[in-house]
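Visitor: starting from these lines, generate the structure:
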Amino acid sequence: MKSSKLFYDTLKLAEDGDPKAQYDLAIMYEEGLEVEEDMYECLTWMTMSYDNGYPPAKEWLEDYYFDDDERTQGYS
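Guide: Purely as a prediction, here's the structure:
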């Protein structure tokens, strides 16, 4: 899959430290939107977004790590 301009624009903002862009990039990796699905990259960017104080990232990580769904926890 070839990554799109949207992916590269979001990546640039994320690399520059924008927590919303980091969150958006994580979701792209989680869902395979504009880029190949990659849960390692998803968790990396989501954690950065959380570390930069973005509340939706905190919520997402809590859901991910404390979900009762064994398939989700299998990625950790």
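Visitor: and stretch 54-68, average pLDDT?
Guide: For stretch 54-68, mean pLDDT rounds to 91.
Visitor: pull the distance from it to the chain's centre.
Guide: Its chain's C-alpha centre and that of stretch 54-68 lie 11 Å apart, by C-alpha atoms, centre = their mean, to the nearest Å.
Visitor: buried residues of that stretch, list them for me.
Guide: Using 16 or more other C-beta atoms under 10 Å as the test for burial, stretch 54-68 gives 54, 56-57, 60-61, 64. C-beta coordinates here come from the backbone N, C-alpha and C atoms, glycine included.
Visitor: make CSV out of the residues you listed and add secondary structure and distance to residue 19.
Guide: Formatted as CSV, the buried residues of stretch 54-68 follow (DSSP: H, G, I helix; E, B strand; the rest coil; distance: C-beta to C-beta, whole Å):
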residue, secondary structure, distance to residue 19
54, coil, 4
56, helix, 9
57, helix, 7
60, helix, 12
61, helix, 13
64, helix, 17
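Visitor: where does this protein dip in pLDDT?
Guide: 68-76 (pLDDT under 70).
Visitor: for the protein, what spans make up the helices?
Guide: Along the chain, the stretches classed as helices by DSSP state H are 5-15, 19-31, 39-51, 55-66, 70-73.
Visitor: okay, those helices, which one's buried deepest?
Guide: Neighbour counts (mean count of other C-beta atoms under 10 Å) averaged over each of these peak at helix 19-31, with a mean of 21.
Visitor: return that helix as PDB; C-alpha atoms alone will do.
Guide: Taking Å, rounded to 0.1, in the frame of the first residue of the first chain, the C-alpha atoms of helix 19-31 are listed here in PDB:
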ATOM      1  CA  PRO A  19      -0.300  15.600  20.200                       C
ATOM      2  CA  LYS A  20      -3.400  15.600  18.100                       C
ATOM      3  CA  ALA A  21      -1.400  14.600  15.000                       C
ATOM      4  CA  GLN A  22       0.300  11.900  17.000                       C
ATOM      5  CA  TYR A  23      -3.100  10.500  18.000                       C
ATOM      6  CA  ASP A  24      -4.400  10.700  14.400                       C
ATOM      7  CA  LEU A  25      -1.300   8.900  13.200                       C
ATOM      8  CA  ALA A  26      -1.800   6.200  15.800                       C
ATOM      9  CA  ILE A  27      -5.400   5.700  14.600                       C
ATOM     10  CA  MET A  28      -4.200   5.500  11.000                       C
ATOM     11  CA  TYR A  29      -1.800   2.700  12.000                       C
ATOM     12  CA  GLU A  30      -4.500   1.000  14.100                       C
ATOM     13  CA  GLU A  31      -7.100   1.000  11.300                       C
END
